[in-house]
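Chemist: need a 3D model of the following:
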Amino acid sequence: MTTLLYTHPVCLEHDAGYGHPECAARLTAILSVLKTPTFATLQWRDAPAATIEQLIRIHTTSHVEGTLSQIPRRGYYPIDGDTVVSPQSGEAALRSAGAVCAAVDAVLQGEANNAFCAIRPPGHHAEPNQAMGFCLFSNIAIGAAHARAVHGLARVAAIDFDVHHGNGTQTAFERDPAYLYISTHQAYIYPGTGRRDERGVNNIVNIPLPANSGTAELHHAWRQDIEPALREFKPQLILISAGFDAHRMDPLAGLNFTEGDYAWLTQRILEVAAEFAQGRVISALEGGYNLPALAASTAAHVKALMEAG
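Modeler: Have a look, this model is predicted:
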């Protein structure tokens, strides 16, 4: 069994404007390292565009139609102060959500044990009725809903290790006990959500970390919160919001994770997946804004996926 890589050239054409941290160079850096001989056995696949049916399992129809109608024919359109779209942004967002759905199909049909979706724009801040935080559609949540609607899964877990809390994923999941959402993130930064007392229907596990937290705090979070929640839930599929902006070199926040931390956490997640979910894991890119750190961290993450696959 191999690890699948879903991406699409149009994801490089989403342009949020000069100087915006969520830029095409992020994806270029990742794809460059994944083309090296270490990753020769990765099976690359073009991401299809998500359908409206897939999107509206999570988002309101008005959000989907409204967001796509705001895509300009030329230039830029600011949805908010952080979230800017340009002519190819709509297709890029559809391909990003579609990548996760296609990966769900492939993994659940036994074509591979796991997959990584090298996509942009990211998704975990997108609320059911609102684009925000660089995100248009909630890629991981859409993939989770697809797994349930199309493949009949009863329990789908999402783990989010981006430095920012995934408010959109939490909102999508928090009233449905068939989902579990677990997030490690830096406390008291954007978007201001992710407190421990945000529990949903006892299916939300938030682990806000103080600034400067690193390896020791991550290991404690795994033992104290993440692993027990996963084992109690017994997921049939695990999705990962793979943001690498908790890295010590990232300019947008203040945690001290390393490439080794991402490899270690991925390995631990895969061990639980092997026990409860037949090894089935799908990961999708979220944040990460220091290019060398992003490339190295993604490489460590994908290498761990490949070693399990």
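Chemist: make it CA atoms for all contacts and neighbour counts henceforth
Modeler: Fine.
Chemist: where do the helices sit along this protein?
Modeler: 24-34, 52-55, 61-69, 89-108, 139-151, 167-173, 215-221, 227-233, 259-276, 291-308 (DSSP state H).
Chemist: quick check: closest non-adjacent residue to the spatially most central residue of the chain.
Modeler: The residue lying closest to the centre of the chain (CA atoms, centre = their mean) is Ser241, at 2.5 Å. The shortest distance from Ser241 to any non-neighbouring residue, by CA to CA, 6 or more residues apart in numbering, is to Asp160 (4.4 Å).
Chemist: I'd say Lys234 and Arg155 touch.
Modeler: Yes - using CA atoms under 8 Å, Lys234 is in contact with Arg155, at 7.3 Å.
Chemist: coming back round to it: per-residue confidence for the residue nearest to Ser241?
Modeler: The model reports Asp160 with a pLDDT of 98.
Chemist: how about residues contacting the longest strand anywhere in the chain?
Modeler: What stands out as the longest strand in the chain, according to DSSP state E, is strand 179-186. Residues from elsewhere that reach strand 179-186 (CA atoms under 8 Å, 6 or more residues apart in numbering): 155-166, 169-170, 173, 194, 203-211, 221, 226, 233, 246, 253-255.
Chemist: from these, list the buried ones, please.
Modeler: With neighbours counted by 16 or more other CA atoms under 10 Å, the contacts of strand 179-186 contain buried members at 155-166, 169-170, 173, 194, 203-209, 211, 221, 226, 233, 246, 253-255.
Chemist: so which of those belong to strands?
Modeler: 156-160, 204-209.
Chemist: mind putting the residues you listed into CSV with distance to Ser32?
Modeler: Below are those laid out as CSV (distance: CA to CA, whole Å):
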residue, distance to Ser32
Val156, 31
Ala157, 30
Ala158, 27
Ile159, 26
Asp160, 24
Ile204, 35
Val205, 34
Asn206, 33
Ile207, 33
Pro208, 32
Leu209, 32
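Chemist: out of those, which comes closest to Gly123?
Modeler: Asp160 (11.3 Å; CA to CA).
Chemist: beta partners for the closest one?
Modeler: Taking DSSP bridges as the rule, Asp160 bridges to Ser183, Ser241.
Chemist: try Ala284
Modeler: Beta-bridge partners, per DSSP bridges, of Ala284: Cys117, Ser241.
Chemist: wait, isn't it in contact with Ile140?
Modeler: Yes - counting by CA under 8 Å, Ile140 is a contact partner of Ala284 at 7.1 Å.
Chemist: the residue nearest to the centre of the chain: what's it in contact with?
Modeler: Counted by CA under 8 Å, 6+ apart, Ser241 has contacts 124, 140, 158-162, 283-286.
Chemist: if you set the cut-off to 7 Å instead, what comes out?
Modeler: 140, 159-162, 283-286 (CA atoms under 7 Å, 6 or more residues apart in numbering).
Chemist: now do the same contact list for the residue nearest to Ser241.
Modeler: Applying CA under 7 Å, 6+ apart, the residues contacting Asp160 are 182-184, 240-242.
Chemist: what pairs with the residue nearest to Glu217 when sequence neighbours are not counted across the strands?
Modeler: Excluding its sequence neighbours, the residue lying closest to Glu217 (CA to CA, 6+ apart) is Leu209, at 7.7 Å. Counting by DSSP bridges, Leu209 forms beta bridges with Gln186.
Chemist: centre of the chain to stretch 259-275, how far?
Modeler: Taking CA atoms, centre = their mean, to the nearest Å, one finds the center of stretch 259-275 at 15 Å from the center of the full chain.
Chemist: low-confidence regions, this structure specifically.
Modeler: 1, 309 (pLDDT under 70).
Chemist: pretty sure Ile238 contacts Ala158?
Modeler: Yes - with contact defined as CA atoms under 7 Å, Ile238 reaches Ala158; the gap is 5.7 Å.
Chemist: report how many residues lie close to Gly19.
Modeler: Neighbour count of Gly19, defined by other CA atoms under 10 Å: 7.
Chemist: same question but for Thr38, I mixed them up
Modeler: Counted with other CA under 10 Å, residues neighbouring Thr38 total 11.
Chemist: if we can go back for a sec, specify which member of the contacts of Asp160 is nearest to Glu22.
Modeler: Nearest member of those to Glu22, counting by CA to CA, is Ala242, at 14.6 Å.
Chemist: ok, the closest one to His165 distance?
Modeler: Going from Ala242 to His165 by CA to CA, to the nearest Å gives 12 Å.
Chemist: okay then, goodbye and thanks.
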